[in-house]
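**Q** I would like the atomic coordinates for the input below:
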Amino acid sequence: MFEALNPKALTIVLATRNGGKFLSAQLDSLLGQSRADWTLLARDDHSSDDTLKVLEHYASQDERISILPPLTGGESNAAENFSGLLKCALDRGAEYVFCCDQDDVWAPNKLDSMMAELQSAEGPGRGPCLVHHDLRVVDESLKMIAPSLWGLMALRPDNEISPQRLLSRNEVTGCALACNKALLEVALPLPSEAIMHDWWLALFAGFSGTLRAMPGTWVSYRQHGANVIGAKSYRSGLRQLHNGLSTWQAGNTEFLETVKQARAFRTVVASVDAVDANHRLALECYCELPRMRRRQRMRALWRCAVWRRNLLLDIVLVIRVILLPREPM
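**A** Next comes the predicted model:
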């Protein structure tokens, strides 16, 4: 076990919205962690239930818990809320940051195990680093749905030498990640094109630092009717082959959102020397795919090497890229 840190050095960030039903269980799992040298920064996004009252009750009982005022301008989305929380954690001196969802339950030794992995992964140079883990998928009553989120979604996030695969599909779940100060310094603030905070951080770690998947399922990932993202079987992505034109077009829109995110990422990392030349070329190819003629796309897709390492998902990707209407130059 690593020696205790200044509590502000290990910061957990929690974004909430109408999560009062499950929030106490999550907060209790934080209080039950095997290490106690942490600070929690929480921000509620204009909840209409008792979420804020639950937060205030716990904050009144434990000085490690701080509640930030809501973002101005009305309701925000999860990415905006987490972006602000991450920036606040960095400004307050956080050396290591963990993201936390309002409706999950953490294993008692999650912080200890992830800190050991994170400090090992970042090494003495303490360059940009992110570690993440698999999750146990459960229902509202914490009854197991699937023992592995990675298995359910056909994810294989075990190859650190191919970060370009992250351009087309996220492999990092927010509540399962921890990162260091060096990563936040290069990745923040999140641009409007960032689809989610976890995906954006994973891109920076993969392309310009260290991204490591660690063994174990350290979170019970609760599924219910109000999940923002949630756990979906990879087979749900295959329904676009037979569910009609509207569903296929929705998939096209989602793909183009990943291209917009990649283009924003390309702009930010243009001056980052740590990005490998081959990875930079893959990024460039991916960003330009929609602008290419159809006969050029297959070769460019091969150069991108964004394969999802699942034959059926890769077939869908190829068909989508080839058939996608050409974007004006």
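**Q** quick check: longest strand of the chain.
**A** Criterion DSSP state E: the longest strand present in the chain is strand 210-222.
**Q** so where do the helices sit in the stretch 51-200 of the chain?
**A** Using DSSP state H, counting those that start in this stretch, the helices of the stretch 51-200 of the chain run over 51-61, 78-91, 110-122, 149-152, 181-187, 197-208.
**Q** other residues contacting the fifth one?
**A** Contacting residues not belonging to helix 181-187 are listed as 86-87, 89-90, 94-97, 122, 126-130, 200-201, 204-205, 208-209, 272 [CB atoms under 8 Å, 6 or more residues apart in numbering]. To be clear about C-beta, it is placed using only N, CA and C from the backbone, and glycine gets the same treatment.
**Q** try it again at 10 Å.
**A** 9, 11, 83, 86-87, 89-91, 93-97, 122, 125-130, 177, 179, 194, 197, 200-205, 208-211, 265, 268-269, 272, 274 (CB atoms under 10 Å, 6 or more residues apart in numbering).
**Q** again, but for stretch 286-294
**A** Against stretch 286-294 from outside (CB under 10 Å, 6+ apart): 164, 167-168, 252, 255-256, 258-267, 285, 296-301, 303-306, 321-329.
**Q** quick one: buried residues of it?
**A** Within stretch 286-294, the residues scored as buried using 16 or more other CB atoms under 10 Å are Y286, C287, E288, L289, P290, M292.
**Q** cool, and stretch 50-67?
**A** Those would be T51, L52, V54, L55, Y58, A59, R64, I65, I67, for stretch 50-67 by 16+ other CB under 10 Å.
**Q** any idea how far that stretch is from the chain center?
**A** 25 Å (CA atoms, centre = their mean, to the nearest Å).
**Q** ok so, going back, which of the buried residues of stretch 50-67 sits closest to A79?
**A** T51 (18.7 Å; CB to CB).
**Q** for the residue lying closest to the closest one once chain neighbours are set aside, report the pLDDT, please.
**A** Excluding the flanking residues, the one nearest T51 by CB to CB, 6 or more residues apart in numbering is G20, at 4.3 Å. Here the pLDDT value assigned to G20 is 94.
**Q** and G20, how far is that from L27?
**A** As for G20, its distance to L27 is 11 Å (criterion: CB to CB, to the nearest Å).
**Q** identify the contacts common to those two.
**A** Jointly contacting G20 and L27 under the rule CB under 10 Å, 6+ apart are V54, L55, Q102.
**Q** contacts only, for the first one.
**A** Spelled out, that is V54. Taking CB under 10 Å, 6+ apart as the test, what V54 contacts is 16, 19-24, 26-27, 42, 44, 47, 102.
**Q** swap in the last one?
**A** Neighbour list for Q102: 14-23, 25-27, 42, 44, 47, 51, 54-55, 175, 222, 226, 228 [criterion: CB under 10 Å, 6+ apart].
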